[in-house]
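Asks: Generate a structure from the sequence data that follows.
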Amino acid sequence: MNNSIFTCNNLETLLNKYKNIEAITPLLLQLESIKDSKNIAELIRLYRSCIPIIEQAMWHEQFDSDALSVYQQLFIELERLLADKSTFDNRHKFIIAIPVADRPQHLQACLHSILTLCEKFNYGGQKNGQFTKISVLISDDSKHQNNIIENMKLADTFSKKGLNVIYFGQNEQKEILHSINYEKTHNITGITESENFHHKGASITRNITYLKLQQLEDKDEKTLFYFIDSDQEFKVNTLINGKNEELYALNYFYHLDSIFTHNNISILTGKVVGDPPVSPSVMAGTFLEDLLYFVNKISKLEPDQTCGFHDEVKNQEDDASYHDMAELFGFKDSKIDHDYHCTINKSHNNTSCLIGFSNKLKHFFDGEHPTRKSYYQHDDIINSIKPARTIYTGNYVFKAECLKYFIPFANLKLRMAGPVLGRLLKSELGEKFVSANLPMLHKRTVNNIGQSEFRPGVEHQETAIDLSGEFTRQFFGDVMLFSMIELTSKGYPAKKLSPEIIKETIKKTSSSMQIKYLSKRDEILSKNEKLLELIDNLEKKWTNTADLNQAKLNFRKFTDNISFNFGVKAAIYTIINSDEIINKNQQLITDAILAYENDMDTWQNTLANNRT
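Replies: Numbering: from 1, shown residues only. As a prediction, this is how the structure comes out:
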């Protein structure tokens, strides 16, 4: 070991910083006894023993932001130790797969976060200016040529910065499908000969990407495939003195390598923090509840009074506080009032706060929930590992052997594909399918445009924002998911169930979902009317100004959009109440489930014949 290059300074600094913690004392003594030795293996073991204890200390009560840079440097020290080892570094390589469709700004932020994570923690080290154990695969499903060109440029730009970024465009996607018997995989990979080979859907794009990942696997090294979404970043958010901070505070690759090395698992899923991972079509009720609370509260204050919405944010959200039907997933309905926390930093009054909040209302229709974001809560990562039941398709990692578990029923293009896959994995893999506390930061919208660059099923029209496409995918996605939960409880897919049982299960589930959706609709419309009344009353009390009138107009645009999407003439309820459409989709879901066993066999043969 070259001591002129390597020191234990950052480890020693952190151990001394937290030396009042009982578990730290013996670690300091160990460090003192071996830091000047040439026993690299002992030093590596010590670092690995110290890391979870230091992390626990850093996250105690409130994150110790002063220690973050030292913590990051600690891993760089460890990487130097690992590089000094004479033996081959047999840690996992990661190929990060990012399906993207017409989101170059999101993709740029995502790639930037990967590069920054590599720079701050240096997992696997570098050779010739390239990070050796991290690669990125961009699977492009974009429609617009300018976005395709921009995505290709991003791949080249970040490759030159040290990331090995591979661009997997639509021509190459077609080539790889033509090299297999793709006529039989249309349920999994879509119709290759379609003139419009774009916006195929996230599930189909992921399945085609599986074929490319199989070709990229290095048989001589352990490889993990890591799927993320383009609107996510390798950061977490937390509250420091009541303010939201976004941090590179998790060394994802280090922890995932450790988890897969020391545990008998096949697939691991994380979650997201920040914006909810669900459709606005199932969040309108909770958001309206918070708007009622806010407008009722601000109406009792004076407009020129100093803003009263800067109390510290309290991390009170559970896993599904944003969801209108949280009880379906085993969570209790949130009964806690959720404040709006004003984001204006300069001195201002309640009128400015109202205006600022009103400007954010339109973001809701692209998936933001301004009052119910989720925040990272630390837990020892190894201890957080537990059996899973849901795949978060924007955050899951798996071994090459699990390429056989494609995203099922991809051709239906329904939401809830991850939870459906999760139930199937749980039934087959058991405790080899796990979750861990390694969330990613989720950002639905891009700051400079105030909306998502592209979101399938959400159409920004001239006078309204139409959610009916996404709403439809959500409704029938729920029918698929809760049908699958019922079927797996009866032994499916290991146990073959009759078509009659499958069809009846789907019919009952569909009927149950209709009742729940229609009930929530009534609640949403009632809340929307109350919000309109409160805004009207506020107008009578507060003196009108041009800015205040704009704020009230923003609220009315919001309530108009709620009426458009949930009201008497809303397209989605025409769909939900149509026997013809319901029967057609029930049959499509039934046929897809009945075809799943054959699709599994076809996919196994496809992987066996997948040529490089």
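Asks: which intervals of the stretch 201-350 of the chain have sub-threshold pLDDT?
Replies: Low-confidence segments of the stretch 201-350 of the chain, defined by pLDDT under 70, span residues 242, 312-320, 322, 324-336.
Asks: ranges for the helices of it?
Replies: According to DSSP state H, counting those that start in this stretch, the stretch 201-350 of the chain carries its helices in the segments 202-216, 252-262, 284-298, 350-358.
Asks: closest one to Gln105 among those helices?
Replies: Evaluated over the helices of the stretch 201-350 of the chain, closeness to Gln105 peaks at helix 202-216, with 18.0 Å, by C-beta to C-beta. Heads up, the C-betas are built off the backbone N, CA and C, glycines and all.
Asks: Could you report the neighbour count for Val420?
Replies: Neighbour count for Val420, taken as other C-beta atoms under 10 Å: 26.
Asks: The helix or strand where it lies: how far from the chain's middle?
Replies: Counting by DSSP states H and E, the element that carries Val420 is helix 417-429. From the chain centre to the centre of helix 417-429 is a distance of 17 Å (C-alpha atoms, centre = their mean, to the nearest Å).
Asks: Kindly report the same for stretch 171-187.
Replies: Stretch 171-187 sits 28 Å away from the centroid of its parent chain (C-alpha atoms, centre = their mean).
Asks: residue contacts, Leu441?
Replies: Contact criterion C-beta atoms under 8 Å, 6 or more residues apart in numbering gives Ser113, Gln232, Glu233, Phe234, Lys235, Val236, Asn237, Glu246, Val272, Val273, Gly274 as the residues in contact with Leu441.
Asks: In contact with the fifth one, which residues?
Replies: Contacts here follow C-beta under 8 Å, 6+ apart; on that basis Lys235 touches Ser113, Glu246, Leu247, Tyr248, Ala249, Met440, Leu441.
Asks: Can you give the strand pairings for the helix or strand hosting the last one, parallel or anti for each?
Replies: Element membership for Leu441, per DSSP H and E: strand 440-442. Applying DSSP bridges, strand 440-442 is found paired with strand 232-233 (antiparallel), strand 272-274 (parallel).
Asks: Helix or strand: which one has the residue nearest to Ser281 when sequence neighbours are not counted?
Replies: Counting by C-beta to C-beta, 6 or more residues apart in numbering, Phe471 is the residue found nearest to Ser281 once chain neighbours are left out, at 4.0 Å. Secondary-structure assignment from DSSP H and E places Phe471 in helix 468-489.
Asks: Kindly calculate the angle that that helix makes with helix 417-429.
Replies: Using axes from the mean of the first three to the mean of the last three C-alpha atoms, to 10 degrees, the inter-axis angle of helix 468-489 relative to helix 417-429 is 10 degrees.
Asks: in helix 468-489, what's buried?
Replies: 468-488 (16 or more other C-beta atoms under 10 Å).
Asks: and that helix, how far from the chain's centre?
Replies: Offset of helix 468-489 from its chain centre (C-alpha atoms, centre = their mean): 19 Å.
Asks: ok so, going back, could I get the contacts of Lys235 as CSV with distance to Arg389?
Replies: Output for these, formatted as CSV (distance: C-beta to C-beta, whole Å):
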residue, distance to Arg389
Ser113, 28
Glu246, 29
Leu247, 29
Tyr248, 30
Ala249, 27
Met440, 19
Leu441, 23
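Asks: most surrounded residue in those residues?
Replies: Scoring the contacts of Lys235 on neighbours with other C-beta under 10 Å, the highest-scoring entry is Met440 at 26 neighbours.
Asks: From what I see, that residue and Val397 are in contact.
Replies: No. In this structure, Met440 sits apart from Val397 without contact. The criterion is C-beta atoms under 8 Å, and the distance is 11.5 Å.
Asks: Could you pull up the residues touching Ile134?
Replies: Residues Lys93, Phe94, Ile96, Ile114, Cys118, Tyr123, Gly124, Leu163, Asn164, Phe253 are the ones in contact with Ile134 under the rule C-beta under 8 Å, 6+ apart.
Asks: so can I have TSV of the helices of the stretch 201-350 of the chain showing mean neighbour count and distance to Ala410?
Replies: Compiled in TSV, the helices of the stretch 201-350 of the chain are given as follows (neighbours: other C-beta atoms under 10 Å; distance: least, C-beta to C-beta, whole Å):
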stretch	mean neighbour count	distance to Ala410
helix 202-216	22	4
helix 252-262	19	26
helix 284-298	21	28
helix 350-358	21	39
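Asks: Any idea which of these gets closest to Glu12?
Replies: Each of the helices of the stretch 201-350 of the chain has some distance to Glu12 by C-beta to C-beta; the shortest is helix 252-262, at 19.6 Å.
Asks: What is the distance between the strand holding Leu441 and the centre of its chain?
Replies: Here strand 440-442 is found 6 Å from its chain centre; the criterion is C-alpha atoms, centre = their mean.
Asks: cool, stretch 166-183 as well?
Replies: Remark: stretch 166-183 is offset 26 Å from the chain centroid, using C-alpha atoms, centre = their mean.
Asks: picking up where we left off before, list the contacts for the residue nearest to Ser281?
Replies: The contact partners of Phe471, by C-beta under 8 Å, 6+ apart, come to Ser279, Ser281, Gly457, Asn565, Ile572.
Asks: Need the winner for burial among the strands paired with strand 440-442.
Replies: Most buried of the strands paired with strand 440-442, by mean neighbour count (mean count of other C-beta atoms under 10 Å): strand 232-233, with a mean of 24.
Asks: Now do that one: everything it contacts.
Replies: Counting by C-beta under 8 Å, 6+ apart, Ala109, Cys110, His112, Ser113, Glu246, Val272, Gly394, Asn395, Met440, Leu441, His442, Lys443 sit against strand 232-233.
Asks: Please name the nearest non-neighbouring residue to the first one.
Replies: Nearest non-adjacent residue to Ala109, counting by C-beta to C-beta, 6+ apart: Glu233, 6.1 Å away.
Asks: and that neighbour, how far is that from Ala388?
Replies: Computed with C-beta to C-beta, to the nearest Å, the distance linking Glu233 and Ala388 is 22 Å.
Asks: Among the contacts of Leu441, which one sits closest to Lys360?
Replies: Using C-beta to C-beta, Gly274 comes nearest to Lys360 of the contacts of Leu441, at 14.5 Å.
Asks: looking at the sheet around the closest one, what are its partners?
Replies: In this structure, Gly274 has the following beta-bridge partners (DSSP bridges): Ser374, His442.
Asks: Which strands and helices lie in contact with the helix ranked longest in the chain?
Replies: Looking only at the chain and at elements set by DSSP state H, the helix with the highest residue count is helix 499-541. Helices and strands touching helix 499-541, by 3 or more C-beta pairs under 8 Å, 6 or more residues apart in numbering; DSSP states H and E, are helix 284-298, helix 468-489, helix 546-566, helix 571-576, helix 579-609.
Asks: With distance to Lys503 added, can I get the ones you listed in JSON lines?
Replies: Conversion of the helices and strands packed on helix 499-541 to JSON lines gives the following (distance: least, C-beta to C-beta, whole Å):
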{"stretch": "helix 284-298", "distance to Lys503": "31"}
{"stretch": "helix 468-489", "distance to Lys503": "10"}
{"stretch": "helix 546-566", "distance to Lys503": "30"}
{"stretch": "helix 571-576", "distance to Lys503": "19"}
{"stretch": "helix 579-609", "distance to Lys503": "5"}
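Asks: out of those, nearest to Asn383?
Replies: Of those, the one closest to Asn383 (C-beta to C-beta) turns out to be helix 468-489, at 27.6 Å.
Asks: Among the helices and strands packed on helix 499-541, which comes closest to Phe131?
Replies: Closest of the helices and strands packed on helix 499-541 to Phe131 is helix 579-609, at 28.2 Å (criterion: C-beta to C-beta).
Asks: average pLDDT for that closest one?
Replies: Within the predicted structure, the mean pLDDT of helix 579-609 is 93.
Asks: Show me what it is packed against.
Replies: Secondary structure elements in contact with helix 579-609, counted by 3+ C-beta pairs under 8 Å, 6+ apart, are helix 186-189, helix 202-216, helix 468-489, helix 499-541.
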